[in-house]
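> Have a look; sequence and predicted model below, questions after that.
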Protein chains: 2
Amino acid sequence: MQTLRNIDELRTWRAAHAQRTVAVVPTMGALHAGHLSLIERARSEADVVVVTVFVNPIQFDDAEDLESYPQTLDDDIIACSQAGVDAIFVPPRAEMYPNGYCTFTEVVGPLSSTLCGASRPGHFRGVTTVVLKLFNLVQPQVAVFGEKDLQQALIIQRMLSDLHVPVRLVVAPTIRDIDGLPLSSRNVRLGEEGRLKALALPRGLDKANRAFADGETTSIKLVEIVYEELLVHPGVEVDYADVVQLHNFADVTEAKAGDLLAVAVFIDGVRLIDHILLGGPALAVVPEAD
Amino acid sequence: MQTLRNIDELRTWRAAHAQRTVAVVPTMGALHAGHLSLIERARSEADVVVVTVFVNPIQFDDAEDLESYPQTLDDDIIACSQAGVDAIFVPPRAEMYPNGYCTFTEVVGPLSSTLCGASRPGHFRGVTTVVLKLFNLVQPQVAVFGEKDLQQALIIQRMLSDLHVPVRLVVAPTIRDIDGLPLSSRNVRLGEEGRLKALALPRGLDKANRAFADGETTSIKLVEIVYEELLVHPGVEVDYADVVQLHNFADVTEAKAGDLLAVAVFIDGVRLIDHILLGGPALAVVPEAD
């Protein structure tokens, strides 16, 4: 595996692989089994796989969140190498955002102004901008993102389609830990107690989904079920819990199968997100109430 | 020459020329000798030349200006064919901006908020967005723009650099009519009298440039010289006249060689722009006072 530490090295590597199809897995590092599942999927989609590791400052609305984002580059390099990645691209911040940098790509409207977009102003503008930059650099045929960040994946799909970017997007399933919590780089910041509280998130979603299967279609009732699971715990703050249509993120009052129930919470100050598609399969692992 | 009337036709054509270098000349049609000079330059820069003709609605801040923009597609096709263009791409508006379209690319800051950016809100956002879309579709190695729209060219250069778009930008010199007026598709909307008034634009710029050569460096004085030429005519309204640094469009009070003196006017309601680089060569043709 090649470790490419600047744009020149990436371009040289890409030129040497001009005849190969490339799948890219964009990450912010702190790789876990969720990322490894994306890498595995990427290997099945193209000749060679590039993992990018870049903690993108412009998608953080909170300087403290940026500074405390876990960084484990040495481990990431080992993990990628063991996972059969062909190249890991770790660009310096000064090359991605040199002095005078001033170009941004944005998906406007409900897709990016609701849910996480409402609580993190500028976040998705930062995401779409860096993804477009990385695609222009890596020149992949395929990109693999996780369903875990579903709103992000849908926004990127919209950008690719609107701007005619010749990259095919693959959205791979969320990987959950054995206790049901979706894998996230932020999970390491949860203490043992925080982790137990966090399990209320997938448990609440699963309860709401079972209520939907039993005939409950009023969005506000489904959201209440999630709240009830979450708010019994001290130190849990709900950022949002909403039922929206999947294709345009418009709010719905009467839920239909395929609608998205999405939740973001702060657990002892750590922000976590999870979601379920109503009427979809139950979670493979449903956390028990503690 | 191939006339490509939709995105599918373009993609098929581009795939058939995958091994060739492509130069693109993006236009809004109503082609004149200025465009032909860009095409000639493009032919010297790559194996094959694509001209795009698309009146981009999202760069117009004024619906009337959009509707009255001259359209001469049949003539444009003949002109391109005679100029040795390999393909002309004329995408339908509904393919460029389908229902639900919501992605925009923008260069923020003084480069796009001053001069034309100040008087035409959203204009440059529309330009950068459509240029990026066209580049993603055509996949050129080179793009040729005119120095006539210098602010546009500098903004596009900034976007290409910031987003790492692998397209080389060539800025070709402004072509002027025999009377000194820079060629523009909008010139056809000037009457005979309007045209005479419009000549005050290059004449004023040239006078200011000569004053600069003679030692006048106070920006406001240089701008006054332009105003004096323009405002003797009824029906002439100055949109802006400014001296700015070329690299960042910051206003200057004391002009230096290489600074940009840029002017936009309405002549009987038709908007025209022109500029000069202070200390640069005199205009090849300097309009006589009428």
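On my side now, so go ahead.
> my guess is A:Y101 meets B:H164, correct?
No. Counting by Cβ atoms under 8 Å, A:Y101 does not reach B:H164; the two are 11.3 Å apart. All C-beta atoms are positioned from the backbone trio N, CA, C, and that covers glycine.
> Of those two, which one has the most company?
B:H164 (20 against 17; other Cβ atoms under 10 Å in any protein chain shown).
> Sticking with that one, tell me its helix or strand.
Counting by DSSP states H and E, there is no helix or strand that carries B:H164.
> what's the closest non-adjacent residue to it?
Nearest non-adjacent residue to B:H164, counting by Cβ to Cβ, 6 or more residues apart in numbering or on different chains: A:N136, 4.3 Å away.
> Tell me the predicted confidence for that neighbour.
Per-residue pLDDT puts A:N136 at 98.
> mind checking the SS state of it?
Secondary structure of A:N136, reduced to three states by DSSP: H, G, I helix; E, B strand; the rest coil: helix.
> Distance of it relative to B:A33?
Plainly put, A:N136 is 34 Å away from B:A33 if you go by Cβ to Cβ, to the nearest Å.
> Between those two, point out the one with more neighbours.
The neighbour count for A:N136 versus B:A33, taken as other Cβ under 10 Å, is higher for A:N136 (19 against 11).
> you'd agree that one is up against B:L160?
No. Counting by Cβ under 8 Å, A:N136 stays clear of B:L160, with 9.2 Å between them.
> Which of the residues in the one helix or strand A:L196 maps to are classified as buried?
A:L196 is part of helix A:192-198, with elements assigned from DSSP H and E. Neighbour-count burial for helix A:192-198, counted by 16 or more other Cβ atoms under 10 Å in any protein chain shown, picks out A:G194, A:R195, A:L196, A:K197, A:A198.
> Check the gap between the third one and chain B for me.
Same thing as A:L196. 40 Å (Cβ to the nearest Cβ, to the nearest Å).
> Alongside chain B, which residues does the stretch 101-250 of chain A contribute?
Within reach of chain B by Cβ under 8 Å from any Cβ of the partner chain, the stretch 101-250 of chain A has these residues: A:101-109, A:111, A:128-129, A:132-133, A:136-137, A:139, A:158-159, A:162-166, A:248.
> how about low-confidence regions in chain A?
Across chain A, the ranges flagged by pLDDT under 70 are A:283-290.
> Break it down into its domains, please.
With domains defined by automatic domain parsing, chain A comprises A:2-172, A:185-277.
> wait, is A:N248 part of a helix?
No. The assignment for A:N248 (three-state DSSP) gives coil, which keeps it out of a helix.
> Find the nearest non-adjacent residue to it, please.
Using Cβ to Cβ, 6+ apart and skipping the chain neighbours, the partner closest in space to A:N248 is A:P110 (6.1 Å).
> and the residue most central in space within chain A, what is it in contact with?
With distances taken as Cα atoms, centre = their mean, A:D149 lies nearest the centre of chain A, 2.9 Å away. By Cβ atoms under 8 Å, 6 or more residues apart in numbering or on different chains, the residues touching A:D149 are A:I273.
> need the strands for chain A, in chain order.
A:2-4, A:22-27, A:48-53, A:87-89, A:103-107, A:142-146, A:168-172, A:236-244, A:260-267, A:270-277 (DSSP state E).
> Going by distance to chain B, which of the buried residues of helix A:192-198 wins?
Among those, A:A198 lies closest to chain B (Cβ to the nearest Cβ), at 33.1 Å.
> List the contacts of that closest one.
By Cβ under 8 Å, 6+ apart, the contact list for A:A198 reads A:L181, A:N187, A:L190, A:V265, A:I267, A:L272.
> quick one: the closest residue to A:G109 other than its chain neighbours from A:M159, how far?
The shortest distance from A:G109 to any non-neighbouring residue, by Cβ to Cβ, 6+ apart, is to B:C102 (4.6 Å). Applying Cβ to Cβ, the value for B:C102 to A:M159 is 9 Å.
> So which of these two has more stuff around it?
Here B:C102 and A:M159 are compared on neighbour count by other Cβ under 10 Å; more neighbours surround A:M159, at 27 against 17.
> doesn't A:L183 make contact with A:A33?
Yes. Applying Cβ under 8 Å as the test, A:A33 and A:L183 come out as touching, 5.8 Å apart.
> Find residues that contact each of those two.
Residues touching both A:A33 and A:L183 by Cβ under 8 Å, 6+ apart: A:I175.
> list the contacts for A:N99?
Contact analysis of A:N99 by Cβ under 8 Å, 6+ apart lists nothing.
> same question, the one 3 residues further on
Taking Cβ under 8 Å, 6+ apart as the definition of contact, the neighbours of A:C102 are B:V107, B:V108, B:G109, B:L111, B:R158, B:D162.
> try A:A87
Shown in contact with A:A87 (Cβ under 8 Å, 6+ apart): A:M1, A:Q2, A:T3, A:L4, A:L10, A:W13, A:V48, A:V49, A:V50, A:V51.
> Could you do A:L10 as well?
Here A:L10 is in contact with A:L4, A:A87, A:F89, A:P91, A:L137, A:V138 (Cβ under 8 Å, 6+ apart).
> show me what contacts the fifth one?
Shown in contact with A:L137 (Cβ under 8 Å, 6+ apart): A:I7, A:L10, A:R11, A:F89, A:P91, B:H164.
> Out of those residues, the closest to A:A208 would be?
Ranked by distance to A:A208 (Cβ to Cβ), the contacts of A:L137 are led by A:F89 at 39.5 Å.
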